[in-house]
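Novice: The sequence and its predicted three-dimensional model are supplied below.
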Amino acid sequence: MTTNKVRQKTFRQDVLGSRRFSNIAWAAIVSMGGIGFLLAGLSSYFKTNLLIVSDTSNLQFIPQGVALTFYGIAGTLLAVYLWLLVTWNVGGGYNEFDKETGKAIVSRLGYPGKNRKVELEIPIAEIQSVRAEIRDGLSPKRALYLRSKKRRDVPLTRVGEPIALSTLENQGAELARFLEVPLEGL
């Protein structure tokens with residue numbers, strides 16, 4: 001969650017989706033690698049150097065050039081997928097809590113199509129608590145959940161990179177204070 005806007009009756013938290021620096025960096029790295037392998041494989045096929053950094057036109061097309069071309073196509077397709085994720089901002093959205101309407105709205109963007117925007121409405125009266133889940137180790141997890149009476153826990157934070165512990169505590173405490181519910185898990 002990146003920004004918080006607090007008004008008297010409304011509390012909104014914006015959630016960062018796949019449009020973050022690490023995804024952009026990985027998409028750029030995979031793009032360079034995929035295109036490099038593809039050009040190396042094509043250089044061996046056409047016996048013409050298509051690369052700036054090295055000369056692969058002397059490689060045998062079978063088997064080295066075929067393998068390079070295959071890896072280049074696979075890398076380029078993966079790069080296209082990563083760039084599309086960044087462009088679509090999958091997972092981005094907001095959490096909005098409105099005391100005037102008595103509703104909490106959790107909204108996220110998905111893949112393009114019929115149901116691109118996923119929204120979940122929960123009556124504020126059903127909210128029991130804000131739960132923080134903190135797990136360290138090889139696969140650390142730090143996330144906030146909204147615990148309600150009739151539904152299972154609803155995740156409020158982004159998926160992927162763990163949030164700093166102090167940020168998680170502050171966001172959880174601020175939300176729990178606004179909703180007047182307990183904060184669990186800390």
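Specialist: Perfect, thanks for sending it.

Novice: secondary structure class for Gln64?
Specialist: Judged by DSSP: H, G, I helix; E, B strand; the rest coil, the three-state class of Gln64 is helix.

Novice: tell me the contacts of it?
Specialist: Neighbour list for Gln64: Ser44 [criterion: CB atoms under 8 Å, 6 or more residues apart in numbering]. Any C-beta I mention is one placed from the backbone N, CA and C, and that applies to glycine too.

Novice: ok, now with 6 Å
Specialist: Listed by CB atoms under 6 Å, 6 or more residues apart in numbering, Gln64 has no contact partners.

Novice: May I see the buried residues of stretch 121-141?
Specialist: Ile122, Ile124, Ile127, Ser129, Val130, Arg131, Ala132 (16 or more other CB atoms under 10 Å).

Novice: Equivalent analysis for stretch 163-179, please.
Specialist: Under 16+ other CB under 10 Å, the buried positions of stretch 163-179 are Ile163, Leu168, Glu169, Gln171, Gly172, Glu174, Leu175, Ala176, Phe178, Leu179.

Novice: now stretch 10-27
Specialist: So for stretch 10-27, counting by 16+ other CB under 10 Å, buried means Phe11, Arg12, Gln13, Val15, Leu16, Gly17, Ser18, Arg19, Arg20, Asn23, Ala27.

Novice: Can you dump the C-alpha atoms of that stretch in CSV for me?
Specialist: In CSV, the C-alpha atoms belonging to stretch 10-27 read as follows (Å, rounded to 0.1, in the frame of the first residue of the first chain):
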residue,chain,number,x,y,z
THR,A,10,-13.7,7.7,4.6
PHE,A,11,-10.4,5.9,4.7
ARG,A,12,-8.7,4.8,1.5
GLN,A,13,-5.5,2.8,1.0
ASP,A,14,-4.0,2.5,-2.5
VAL,A,15,-2.4,-0.9,-3.3
LEU,A,16,0.5,-1.2,-5.6
GLY,A,17,0.1,-4.0,-8.2
SER,A,18,2.5,-5.4,-10.7
ARG,A,19,3.7,-1.9,-11.8
ARG,A,20,6.6,-1.8,-9.4
PHE,A,21,10.3,-1.3,-10.0
SER,A,22,11.4,-4.9,-9.5
ASN,A,23,9.0,-6.1,-12.1
ILE,A,24,10.1,-3.4,-14.6
ALA,A,25,13.7,-4.4,-13.9
TRP,A,26,13.1,-8.1,-14.5
ALA,A,27,11.1,-7.4,-17.7
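
Novice: Having no further points to raise, I will conclude here.
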